[in-house]
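In: Let's see this in three dimensions:
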Amino acid sequence: MPPRAEIIDFEIFPSLIRVADQLTFQDVDAMADEDRQIKAMYAIAKLYRQRRMDNGAMLIDLPEISIWLNADGTPAVSRTNRESPGRMLVSELMILANEMAARFLAKNDLPAIFRSQPEPRERLFENGEGNLFQNWMQRKLINRFVLGSAPERHAGLGLTSYVTATSPIRKYSDLVTQRQLRAASGLEPPYCREEIDAIIAASEEPLGQVGRIQFRRHRYWLLKYLQSRIGKKEEALVLYKRRDGYMILLQNYMLECRLSGAEAFTLRPEDLVRVTLQHVNARNDVLTVVLG
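Out: Residues are numbered from 1 along each chain as shown. Have a look, this model is predicted:
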């Protein structure tokens, strides 16, 4: 029988890690077919992902749009393949580490900021085989994750319990998880369930605000970039029809917007159309595109 990346046993203990190699994602991508250790970790990552998908995980494969400022202050845009060997390896092994932390805390009856997620309202595809249209629409059907002090199933990841523990420097919830892991080793007193519940209640509103700020910041700079492309043509994917017109996805930017000037045409979801950027104003959050 082929390997299935089943966890036989694991141990969590205080330790120090000495970094031997500082590699970029591009470095790992270039070494993925030749370096023995990276090949082994990549194989484990792929097997672990398949195990999660067999358990009902919902894999949504959409490119990541990155924005940065050039030396002259003008924004630039690039698309990142989130399924490259380096990114996929890091993503899956990070999820694995977080799952192990959740299982460890649950086994030791320690409360934590567990993440759960109900089943999606509908599944448009299985086993990560959806096209761009299906992946974009599937994201709209996913329920929000839920924070709680006791472990519950995370349907999106296909796991029975989950915490975040791998970024304690930049995420407070991960710092809380690390403190509970240290408490299990007798290094500090643990949080009680009431304290964890209070942390969750106090953090939910700020977390929501951070998410909205990140979304608006990303959209602002994307529109700022598109201001320099007014009059240019772009490829778009028809998503659905509303009362006031069609909604489309600008594929190069993963940006959803309304299509103007198409009232006399009959378009269907998944149709590919060519559009022109007619008017863009980042400060006022205005994006107007017309057919043709």
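In: So for Ala262, what's the nearest residue that isn't a sequence neighbour?
Out: Counting by CB to CB, 6 or more residues apart in numbering, Leu291 is the residue found nearest to Ala262 once chain neighbours are left out, at 4.6 Å. The way it works is simple: take the backbone N, C-alpha and C, and place the C-beta from them, glycine included.
In: Contacts only, for the one you found.
Out: 259-262, 265, 273-276 (CB atoms under 8 Å, 6 or more residues apart in numbering).
In: gap between it and Asn284?
Out: Per CB to CB, to the nearest Å, Leu291 is found 23 Å from Asn284.
In: Could you do Glu256 as well?
Out: Distance from Glu256 to Asn284, by CB to CB: 18 Å.
In: same check, this time on Tyr162
Out: 40 Å.
In: circling back: Glu256 and Asn284: who's more crowded?
Out: Using other CB atoms under 10 Å as the criterion, Glu256 and Asn284 rank with Glu256 on top: 15 against 8.
In: tell me which residues in the strand or helix carrying that one are buried?
Out: For Glu256, the enclosing helix or strand under DSSP states H and E is strand 255-260. Within strand 255-260, the residues that qualify as buried are 255, 257, 259-260, counting by 16 or more other CB atoms under 10 Å.
In: so which strand or helix has Arg18?
Out: Arg18 belongs to no helix or strand when assigned by DSSP H and E.
In: can you give me phi and psi for it?
Out: phi -100, psi 120 (degrees, to the nearest 10).
In: what about it, how many neighbours?
Out: Neighbours of Arg18 (other CB under 10 Å): 4.
In: repeat for Val275
Out: Neighbour count for Val275, taken as other CB under 10 Å: 21.
In: A strand includes it, no?
Out: Yes - assignment of Val275 by DSSP: H, G, I helix; E, B strand; the rest coil places it within a strand.
In: Nearest residue to it in space, please, no chain neighbours.
Out: Per CB to CB, 6+ apart, closest to Val275 is Val289, 4.5 Å.
In: Pairing partners for the helix or strand containing that neighbour, with directions?
Out: Element membership of Val289 [criterion: DSSP H and E] is strand 286-291. Note on strand 286-291: by DSSP bridges, its sheet partners are strand 255-260 (parallel), strand 272-281 (antiparallel).
In: Dump the C-alpha coordinates for the first one into PDB.
Out: What follows is strand 255-260 as a C-alpha-only set of coordinates in PDB (Å, rounded to 0.1, in the frame of the first residue of the first chain):
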ATOM      1  CA  LEU A 255     -10.900  41.900  -9.100                       C
ATOM      2  CA  GLU A 256     -14.700  41.700  -9.200                       C
ATOM      3  CA  CYS A 257     -16.600  44.600 -10.700                       C
ATOM      4  CA  ARG A 258     -19.800  45.600 -12.600                       C
ATOM      5  CA  LEU A 259     -19.700  45.600 -16.400                       C
ATOM      6  CA  SER A 260     -21.200  48.700 -18.100                       C
END
